[in-house]
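Engineer: Provide a 3D model corresponding to the input given below.
(chains A and B)
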Amino acid sequence: MYENIIEIRHVHKRFKHVQALVDVSLAVRRGEVLFIFGPSGGGKSTLLRCINRLETVDEGEITVDGIPVTDPHADIDALRAEVGMVFQLFNLFPHLTALQNITLAQEKVRKRSREEAAEIALRLLNRVGLPEKADAYPRQLSGGQKQRVAIARALAMNPKIMLFDEPTSALDPEMIKEVLDVMLDLAREGMTMVVVSHEMGFARAAADRMVFLDAGQVVEVGTPEEIFSSPKEKRTKEFLAHVLY
Amino acid sequence: MPESGPQAVAEVIPRKEPGLIPWTTQLARLPWWGLILLLLGVALVYAIVTVPNYTDAFYFIAPGLKITLLVSVSAFTIALVVGLVVGLGRISSNPIVYNISTFYVEVVRGIPMIVIIIYVAYVLVPILVSVVHSLGEALQTVPWLANTGRAMAALHITDINMLARAIAGLAFGYGAYEAEVFRAGIQSIEKGQMEAARSLGMSYFQAMRYVILPQAIRVILPPLGNDFIAMLKDSSLISVLAVRDLTQLGKLNRSRTFRTFETWNTVTYLYLSMTILGSMGVKWLERKLKTGV
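Structural biologist: Down below sits the predicted model:
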């Protein structure tokens, strides 16, 4: 067992015209909730997407549970099954019902039987507060409901880590809480979570550490208490002054 | 517009503007083209039943329907398989696969269908046969493969009949077009779908099979239907290989009887009845996919 379930060492990533990540090094401990925040275009999502190799890195190394993600020979499918991902735009499969969305990968990747997968899916739907929506198609669900199904879909794989990429940014205000409540429950149960978000309330309630990422660089890392009451860096102060009121 | 009151309401009511003769506006809306077509069809059926020259032409040409349909259905089936494989190749990140696929699509789409059919029948198939032939001769020298080698060496160009070459030619030509239909359909699905599927640990092909293609097929089905109708029409080109399809039997009937009008009216009628039925089917499919979601 590695104490740090995710290790990011000196990662650089460049898109055509932007330097997305500059020498980023971070470690996430088992059971920790790491909250990444910062201005748009600062590299938050890119960093998150590098962790399960939806983006490749130009330089540096990332290991997840001891497996080098950045090694091109790594069994990436096996690794991704252990890392749940929740997207800003939900990305539910529109041709499948909520239940089928949750059972598909269980059957095809985890090789569970249809019955077992459905049982797990129903239990998870219950847990995210949508037991009656099993047979609904994504187009019949509200944004908040879609995102909760998406979380259930990721959880069905029994991941060791959950990555959240701005999970509430595309939601109407009155639906944000229902999604954050589910995430809060997860955090309390000890799930390792990396959350990219602007929801400072969630950070205050659930984060163990916060990372301020700006212009592709880690500017500051600290506990919510440190970040909110006494940020060390000028840029952190300025950013917080803009988002908090 | 928040305007209200009696005046505004009065303006919304469409004015009835009678034509010179009161019922002409109604008549103008009728699908006359369809009625005329139907009438012509009925007239031709009547002619086939009652006029001996038409009856004779029909009975001579009609067996060509079987060949035309057999060629179209089998060539289109093969073209679909080719199209799916090449279409996936066109979006592959592997440079070798991508370049081979693109080479095929660009070359084939730049050649007239009739030339493709002739080229496949008289150039590609003979080359393939002689490759198999010489491979067989080479294999005969290997003791445990001698039997396979002998069988392969025995293959002769005359063993591949023109019907098979016609199917191969049409499939080869249409495969390139279907590849583009598949590629466009797959690319019309949001990138997030593939990302979500891969994030769950599915392989690329699992994600294609269970997530992308089931969604893409809704987009793809109507253009595929149209391409099938186009192939039904292009199958007439195989008459250059003397395959006895509708068109070839038309040519034969004309030179047999010198009844040009009767012959080509019958041929045209037979093609039209298939293609019009087909395009009605595609329209129905389009409506069903749009409303069914």
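Engineer: look up how far A:Asn158 lies from the one residue in chain A that gets nearest to chain B.
Structural biologist: Nearest residue of chain A to chain B: A:Ala81, at 2.9 Å (C-beta to the nearest C-beta). The C-beta positions use only the backbone N, C-alpha and C, and glycine is treated the same way. Distance of A:Ala81 to A:Asn158, computed by C-beta to C-beta, to the nearest Å: 9 Å.
Engineer: same check, this time on A:Gln19
Structural biologist: With distances defined as C-beta to C-beta, the gap from A:Gln19 to A:Asn158 amounts to 36 Å.
Engineer: quick one: low-confidence residue ranges for chain A.
Structural biologist: Across chain A, the stretches falling below the confidence threshold (pLDDT under 70) are A:1-2, A:245.
Engineer: near chain B, which residues of it?
Structural biologist: Proximity of chain A to chain B is confined to A:52, A:54, A:77-78, A:80-85, A:87, A:89, A:91-95, A:104-105, A:108-109, A:139, A:150, A:153-154, A:157 under the rule C-beta under 8 Å from any C-beta of the partner chain.
Engineer: any of those buried? List them.
Structural biologist: A:52, A:54, A:80-85, A:87, A:89, A:91-95, A:104-105, A:108-109, A:150, A:153-154, A:157 (16 or more other C-beta atoms under 10 Å in any protein chain shown).
Engineer: identify the contacts common to A:Ala81 and A:Asn158.
Structural biologist: For the pair A:Ala81 and A:Asn158, residues contacting each of them under the criterion C-beta atoms under 8 Å, 6 or more residues apart in numbering or on different chains are A:Arg110.
Engineer: ranges for the strands of the stretch 151-293 of chain B?
Structural biologist: Remark: no strands are assigned in the stretch 151-293 of chain B by DSSP state E, counting those that start in this stretch.
Engineer: can you list the weak-confidence ranges in it?
Structural biologist: Applying pLDDT under 70 to the stretch 151-293 of chain B flags residues B:291-293.
Engineer: which residue, other than its chain neighbours, is closest to the closest residue to chain A within it?
Structural biologist: Among the residues of the stretch 151-293 of chain B, B:Gly201 lies nearest to chain A; the distance is 2.9 Å by C-beta to the nearest C-beta. Residue nearest to B:Gly201 in three dimensions, not counting chain neighbours: A:Ala81, with 2.9 Å by C-beta to C-beta, 6 or more residues apart in numbering or on different chains.
Engineer: which neighbouring elements make contact with the longest helix anywhere in chain A?
Structural biologist: When secondary structure is assigned using DSSP state H, the longest helix within chain A turns out to be helix A:173-188. For helix A:173-188, the elements it packs on are helix A:143-155, strand A:192-196, helix A:200-206, judged by 3 or more C-beta pairs under 8 Å, 6 or more residues apart in numbering or on different chains; DSSP states H and E.
Engineer: report the buried residues of that helix.
Structural biologist: Using 16+ other C-beta under 10 Å as the test for burial, helix A:173-188 gives A:Met175, A:Ile176, A:Lys177, A:Glu178, A:Val179, A:Leu180, A:Val182, A:Met183, A:Leu186, A:Ala187.
Engineer: stretch B:183-203 too?
Structural biologist: By 16+ other C-beta under 10 Å, the buried positions in stretch B:183-203 come out as B:183, B:185-186, B:189, B:193-202.
Engineer: residues in chain B within reach of chain A, list them.
Structural biologist: Counting by C-beta under 8 Å from any C-beta, the positions of chain B adjacent to chain A are B:190, B:192-193, B:195-203, B:206, B:210-211, B:214-215, B:293.
Engineer: got any ranges where the stretch 1-150 of chain B has weak pLDDT?
Structural biologist: In the predicted model, the stretch 1-150 of chain B carries pLDDT under 70 at residues B:1-24.
Engineer: closest point of it to chain A, which residue?
Structural biologist: Taking C-beta to the nearest C-beta, the stretch 1-150 of chain B has B:Ser93 as its residue nearest chain A, at 11.3 Å.
Engineer: can you tell me the SS state at that residue?
Structural biologist: Remark: B:Ser93 carries the secondary structure label coil [criterion: DSSP: H, G, I helix; E, B strand; the rest coil].
Engineer: next one: the one 5 residues further on
Structural biologist: Secondary structure for B:Tyr98, judged by three-state DSSP, is helix.
Engineer: number of nearby residues for it?
Structural biologist: Look at B:Tyr98: counted by other C-beta atoms under 10 Å in any protein chain shown, it has 14 neighbours.
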